[in-house]
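Engineer: Here's my sequence, what's the structure:
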Amino acid sequence: MLTGAASLGVDPGKAVMALAYGDQWTNMAQPFWALPLLGICGVQARDIMGYTIVVMLLATPIFFLPPFLL
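Structural biologist: Below you'll find the predicted structure:
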């Protein structure tokens, strides 16, 4: 990642944050921390997917607009 950012002339901090934001955004669809909670509650992942997808879509502007404002 850093080698590619350096070859494109991108600030290394921005490249790392872009990777982190992208990873976090997709983790909102099915958060890893929810897996043990689902087991404890006896709920399947498909039962909460609708809610997590809605939260992910509502958070989309928060994740994608700030880079354009910098």
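
Engineer: CA atoms for contacts and neighbours, from now on please.
Structural biologist: Fine.

Engineer: and the most centrally placed residue in the chain, what pLDDT?
Structural biologist: Residue closest to the mean C-alpha point of the chain, counted by Cα atoms, centre = their mean, is residue 25 at 1.6 Å. Note for residue 25: predicted pLDDT of 79.

Engineer: what residues are up against it?
Structural biologist: Listed by Cα atoms under 8 Å, 6 or more residues apart in numbering, the contact set of residue 25 reads 56, 59-60, 63.

Engineer: most neighbours, which of those?
Structural biologist: Using other Cα atoms under 10 Å as the neighbour criterion, residue 56 leads these with 19 neighbours.

Engineer: For the lengthiest helix in the chain, output the C-alpha coordinates as CSV.
Structural biologist: Criterion DSSP state H: the longest helix present in the chain is helix 45-64. Provided in CSV are the C-alpha atoms of helix 45-64 (Å, rounded to 0.1, in the frame of the first residue of the first chain):
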residue,chain,number,x,y,z
ALA,A,45,-26.6,-13.5,11.0
ARG,A,46,-29.3,-13.2,8.4
ASP,A,47,-31.6,-11.9,11.0
ILE,A,48,-29.5,-8.8,11.6
MET,A,49,-28.1,-8.3,8.1
GLY,A,50,-30.9,-5.9,7.1
TYR,A,51,-30.2,-3.6,10.0
THR,A,52,-26.5,-3.6,9.5
ILE,A,53,-26.8,-2.9,5.8
VAL,A,54,-29.1,0.1,6.5
VAL,A,55,-26.5,1.5,9.0
MET,A,56,-23.7,0.9,6.4
LEU,A,57,-25.7,2.8,3.7
LEU,A,58,-26.5,5.6,6.0
ALA,A,59,-22.9,6.0,7.0
THR,A,60,-21.7,6.0,3.3
PRO,A,61,-21.6,9.8,3.1
ILE,A,62,-19.6,10.1,6.3
PHE,A,63,-17.0,7.7,4.8
PHE,A,64,-16.8,9.0,1.3
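
Engineer: hang on, the earlier thing: give me the element the residue nearest to the centre of the chain is part of.
Structural biologist: Element membership for residue 25 (DSSP states H and E) is helix 12-27.
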